[in-house]
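Trainee: this is a predicted model, with the sequence first.
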There are 2 protein chains.
Amino acid sequence: MEKKAVKPYVVGMDIGGTNTVFGIVDQDGNVVCQDSVKTKAYPIIEDYVNAIGEKLDVLIESVGGKEKINGMGVGAPNGNYYTGNIEFAPNLSWKGIVPLAKLFGERIGVPCKLTNDANAAAIGEMTYGAAKGMKHFIMITLGTGVGSGIVIDGKLVYGHDGFAGELGHVIAVPDGRLCGCGRKGCLETYCSATGIVRTAKEVLTSSYDPSMLRNIPESELTSKDIFDCAMAGDAIAKDIFQKTGELLGKSLANFTAFSSPEAFIIFGGLAKAGDLIFKPVKEAMEENMLAVFKNKVKVLPSQLKDADAAVLGASALGWEF
Amino acid sequence: MEKKAVKPYVVGMDIGGTNTVFGIVDQDGNVVCQDSVKTKAYPIIEDYVNAIGEKLDVLIESVGGKEKINGMGVGAPNGNYYTGNIEFAPNLSWKGIVPLAKLFGERIGVPCKLTNDANAAAIGEMTYGAAKGMKHFIMITLGTGVGSGIVIDGKLVYGHDGFAGELGHVIAVPDGRLCGCGRKGCLETYCSATGIVRTAKEVLTSSYDPSMLRNIPESELTSKDIFDCAMAGDAIAKDIFQKTGELLGKSLANFTAFSSPEAFIIFGGLAKAGDLIFKPVKEAMEENMLAVFKNKVKVLPSQLKDADAAVLGASALGWEF
């Protein structure tokens, strides 16, 4: 968060189930260089750290060596900020507890911090993006799942154990859709990229109304298809966005009662649908808002460039040293 | 929060719709003296401040005068910590925005801060009660309504506008019971003292099962009656507590996903029902908890003495100066 660091660059790294992307970022939020590896190609953690280490050494050398690097930040599923460990991440090959910040800190020779990807996005947004200058906001990431990062008084909320901010797993529909977490009705079963596809399948099954979506084999249907059809004027596809936005908006009204943020910042695939999603979100949020919070809370799209966002978000942690 | 204040006493005041209670508290959390006025007797705010001022002068004199007073804290409905104002409180006679902290600060001659009653309770619990030493907890007050005070990193969460922590108005049952706030299904329509009475009426109407509760005229039924009948072994009354606890427990599981607290501290009339309410709350919370939070979060009763709690909670704000 501190941009008055002595050293001019930070390293950012985003660990996804498929790809790990890493790069070097300057104080203005420019990704000056980046590279990547396939996460799944390294089932042994030491091999993974070494493979990335070799590539990172080259990048770091290109900006003048590690004495120019203020720190390194990593965004990772189930990343615990307090311990620097990845803990029991279901979608990664490394089982149990992996001391990732320690391993990279030692290998690269710069201090390293870690948090989950949505928290990293929130810090990135606060450091370089739509939340610059905000003290109270909530980042909502709409990807394969729904993630969140909560900022209060200018600080990320990590909670008692380091895992606060799991708003994708707040129950949005009691006894609703089965979630990957084993529970039912989690927000992410409706408002993620996979959730909107589930909604599409439900809607298409429950009526005979014509829709361009019916031309796509059900097993191949993606959230991008629903977006394309909605933009082409397909009524069913537009209705699917409307429903998704309404449920997300209702949830945002509930979240507001918790920390009374200045804004929600929406990031990820679905957020690119613009008014198709933002309009119903805002309307449903205001309609369901407790009076004291009405017309106070903004809903804004992320301002981090897509290609850079993952690395940028994580990199912002590197300024904390 | 700071107990190393130079001066040995603080003034605490709790403004309720019916009574206003105020007193002087020492650094160990003893209420050394207190007094009260009828809130509704003073529809003009200046009269109210003067009436309390005269009584408070006497109390303050009894501990050595105002140079012994570190500060004053007030708990009030719709109290805004940032501004020191009461803003549009529906249950008080004074309309619009009332600069209460300023009025009392000037009248009494000590610095004064204000927040809502549930936030005051949270600060009291952290300063003198069950949350001593905790950095992350959520206070839940079960009274006529349901209030909450959220503590993160040892600090009360006030949010962007000063009104954060309205967990009694998170929707617990979509399209559920009409709430005083105009919305439907708010937690407080089920889990407050009035909520449990509504549940009792529903349960009694929907069956012919025998119950001691049927001996009480419906219009006179109170949460205390339900407690008494449950303690006497009445199956219907016990079931009403079970249902109430289950819904509260589910809500606590959702709240955990937000700030991952070390504990929930439960205060107020219903909390006195002991295991009748705590057992179903804990069971439902764990059953509905996201895996990463299971078996981590305590549910504890308040440790503030009942008669003193309102004054104590508010008084803790007086240590912030």
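Mentor: The structure has been received and is ready for your questions. Numbers count the residues shown, from 1 in each chain, chains lettered A, B, ... in the order given.
Trainee: pLDDT weak spots in chain A?
Mentor: Within chain A, the ranges that satisfy pLDDT under 70 run A:1-5.
Trainee: for it, just list every one of the strands.
Mentor: Ranges of strands in chain A, per DSSP state E, are A:9-15, A:19-26, A:31-38, A:69-75, A:79-80, A:85-87, A:97-98, A:112-115, A:137-142, A:146-152, A:155-156, A:263-267, A:298-301.
Trainee: can you add distance to chain B and mean neighbour count and give these back as CSV?
Mentor: Heads up, the C-betas are built off the backbone N, CA and C, glycines and all. Below are the strands of chain A laid out as CSV (distance: least, C-beta to the nearest C-beta, whole Å; neighbours: other C-beta atoms under 10 Å in any protein chain shown):
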stretch, distance to chain B, mean neighbour count
strand A:9-15, 18, 27
strand A:19-26, 22, 22
strand A:31-38, 27, 16
strand A:69-75, 17, 27
strand A:79-80, 10, 24
strand A:85-87, 8, 21
strand A:97-98, 13, 18
strand A:112-115, 13, 27
strand A:137-142, 8, 28
strand A:146-152, 6, 28
strand A:155-156, 7, 18
strand A:263-267, 8, 25
strand A:298-301, 10, 17
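Trainee: of the ones you listed, give the one that comes closest to B:Phe241.
Mentor: Closest approach to B:Phe241 among the strands of chain A is made by strand A:146-152 (32.8 Å; C-beta to C-beta).
Trainee: name the nearest residue to the one residue in the stretch 101-250 of chain A that gets nearest to chain B, sequence neighbours excluded.
Mentor: Nearest residue of the stretch 101-250 of chain A to chain B (C-beta to the nearest C-beta) works out as A:Gly159 at 2.6 Å. Nearest residue to A:Gly159, sequence neighbours excluded (C-beta to C-beta, 6 or more residues apart in numbering or on different chains): B:Ser260, at 2.6 Å.
Trainee: where does the stretch 201-321 of chain A get nearest to chain B, residue-wise?
Mentor: For the stretch 201-321 of chain A, C-beta to the nearest C-beta, closest residue to chain B: A:Ser260, 2.6 Å.
Trainee: give me the phi and psi for that residue.
Mentor: Per-residue torsions, A:Ser260: phi 40, psi 70 (degrees, to the nearest 10).
Trainee: for it, grab the count of nearby residues.
Mentor: 24 (other C-beta atoms under 10 Å in any protein chain shown).
Trainee: ok so, going back, pretty sure the residue nearest to A:Gly159 sits against B:Leu290.
Mentor: No: the pair B:Ser260 and B:Leu290 does not pass the contact test of C-beta atoms under 8 Å, sitting 9.8 Å apart.
Trainee: any residues in contact with both of these two?
Mentor: Counting by C-beta atoms under 8 Å, 6 or more residues apart in numbering or on different chains, the common neighbours of B:Ser260 and B:Leu290 are A:Glu166.
Trainee: about what we covered before: for the residue of the stretch 101-250 of chain A closest to chain B, phi and psi?
Mentor: A:Gly159 adopts backbone torsions of phi 80, psi -180, taken as degrees, to the nearest 10.
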